[in-house]
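Chemist: Give me a model of this one.
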Amino acid sequence: MKLTPFAILYIAILLINSISVAADYPLKARDFRIRDPYIYADKETETYYLYAQSANREGSGFKGVEVYKSKDLKNWSHPKPVLVLKEGVVIEHVWAPEVHAYQGKYYLFVTLTYDVVIPGYSPANDPRWPDLKKRGTHIFVADSPAGPFERLKEDSHTPPHWMALDGTLWVEDGTPYMIFCHEWIQLTDGTMDYVELTPDLSNTVGNPIWMFNGSDAPGASPAAKTRKITDGCFIYRSPKSERLFMIWSTILPESGYCVVLTWSESGTIKGPWKQQEILYAENGGHGMLFETLEGELMLPLHQPNIRGQERLDLFRIEDTGDRLKLVEEVDLAN
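Modeler: Take a look at the predicted model:
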């Protein structure tokens, strides 16, 4: 069959576009390690931004946060820095970066652990217990989801004497809040807490407020409160029912590292929070929820929860109004 000039031109354009995509987005999700994946879907540029701590990648050459970009969630760019922390500051770990659009700006929430011991003692009176290190969520700001991000304040937005982590933004009735985890290392039974933020997110208002404990998770043993982990919190309101859901991660005797689904009986951040069910239990977690550019609800998480082997997993989620259901895993290889 003889091709028309128009058909030849069309095929040539497809080939050129294919070559361009391969050059700009050469990586598959299995090609790079990532813990605590967070994806921001930018409708303006029709681009997905996947944020990661630079320590995920050996040889990154800096301490901070970098971003991978994609047009289809399957093919990813090489990472580029969005936050480079100053040399000379003794930071041991950078964890759980996530970016939120708010009032025309983009805010990076990230947990920093300093090589500074908080005065105190092991909660379990156990010499093998991890050191109580200065750890908290800090907030940075930028004009673009691609950064660069600048610090809003010198210290963390979580209490400086707390070991706190995994802060996330939630805006309710026009008031911004940060939900975060109070570390099990300091408490033995970790907690979920929230604190009000100033309208520009530059500081906090009042003291943190308790939401629930790690031992409240379904399948946890209330009697044994040692090492009850809370991490990876994320808030989502169902457009079908207005029910306010939270997903978060912990380690349970039967499930191991997993994602827990909970919801607020009052429909507000104040709760009370009802621990509903295990959403994912395959040695993976620290998830979040986002809508694709086509409007599909997705859950990204890292799996397996084994140092050095973590990769991005992505699942379609059904919002029934009463609950969130894991539908199927997305094939990220093809």
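
Chemist: For the most centrally placed residue in the chain, which non-adjacent residue is closest in space?
Modeler: Among the residues of the chain, the one closest to the centroid is residue 38, at 4.5 Å (C-alpha atoms, centre = their mean). Excluding its sequence neighbours, the residue lying closest to residue 38 (C-beta to C-beta, 6 or more residues apart in numbering) is residue 98, at 3.9 Å. C-beta here means a position set from N, CA and C on the backbone, and glycine is covered the same way.

Chemist: and that neighbour, what helix or strand is that in?
Modeler: Secondary structure from DSSP states H and E places residue 98 in strand 91-102.

Chemist: Is residue 77 in contact with residue 70, as I believe?
Modeler: Yes - using C-beta atoms under 8 Å, residue 77 is in contact with residue 70, at 7.0 Å.

Chemist: Now for the two: what residues contact both?
Modeler: Taking C-beta atoms under 8 Å, 6 or more residues apart in numbering as the contact rule, residue 77 and residue 70 both touch residue 25.

Chemist: follow-up on the earlier one: quick check: what element follows the strand holding residue 98 along the chain?
Modeler: Next element after strand 91-102 (DSSP H and E): strand 105-117.

Chemist: Tell me the helices and strands packed up against that following strand.
Modeler: In terms of contacts (3 or more C-beta pairs under 8 Å, 6 or more residues apart in numbering; DSSP states H and E), strand 105-117 is packed against strand 80-84, strand 91-102, strand 133-142, strand 164-172.

Chemist: mind checking which of those strands is nearest residue 246?
Modeler: strand 164-172 (9.2 Å; C-beta to C-beta).

Chemist: Now do the closest one against strand 105-117, angle only.
Modeler: 160 degrees (axes from the mean of the first three to the mean of the last three C-alpha atoms, to 10 degrees).

Chemist: any weak-confidence spans in the chain?
Modeler: Along the chain, segments meeting pLDDT under 70 span 1-3, 5-21, 87-89, 121-124, 222-226.

Chemist: could you redo the last one with a cut-off of 50?
Modeler: Along the chain, the model assigns pLDDT under 50 to residues 18.

Chemist: Excluding covalently adjacent residues, which one is nearest to residue 163?
Modeler: Using C-beta to C-beta, 6+ apart, the nearest residue to residue 163 is residue 183, at 3.6 Å.

Chemist: contacting residues for the one you found?
Modeler: Contacts of residue 183 (C-beta under 8 Å, 6+ apart): 135, 162, 163, 164, 165, 190.

Chemist: Outside of the helix or strand containing residue 39 itself, list whatever touches it.
Modeler: Here residue 39 sits within strand 38-42, counting by DSSP H and E. Contacts with strand 38-42, where a contact means C-beta under 8 Å, 6+ apart, come from 48-51, 73, 96-101, 145, 288, 290-293, 298, 300.

Chemist: Over to stretch 212-229?
Modeler: Under C-beta under 8 Å, 6+ apart, the answer for stretch 212-229 is 124, 184, 188-192, 230, 249-255, 260, 262, 271, 273, 275-278.

Chemist: Any idea what residue 193 is bridged to?
Modeler: Beta-bridge pairing for residue 193 (DSSP bridges): residue 180, residue 210.

Chemist: all strands for the stretch 151-300 of the chain, in order.
Modeler: 164-172, 175-182, 191-197, 204-213, 231-237, 244-252, 256-264, 273-280, 290-291, 297-303 (DSSP state E, counting those that start in this stretch).

Chemist: The shortest one: partners in the sheet, and parallel or antiparallel?
Modeler: In this case it means strand 290-291. Partners of strand 290-291 in the sheet, by DSSP bridges, are strand 297-303 (antiparallel).

Chemist: Which residue, other than its chain neighbours, is closest to residue 66?
Modeler: residue 79 (4.0 Å).

Chemist: for the one you found, what are its contacts?
Modeler: Per C-beta under 8 Å, 6+ apart, neighbours of residue 79: 32, 52, 54, 57, 60, 66, 67, 68.

Chemist: Go through those and name the one nearest residue 131.
Modeler: The nearest one, if we look at the contacts of residue 79 relative to residue 131 and count by C-beta to C-beta, is residue 54, at 23.1 Å.

Chemist: Could you report the separation of the closest one from residue 158?
Modeler: Distance, residue 54 to residue 158, using C-beta to C-beta, to the nearest Å: 22 Å.
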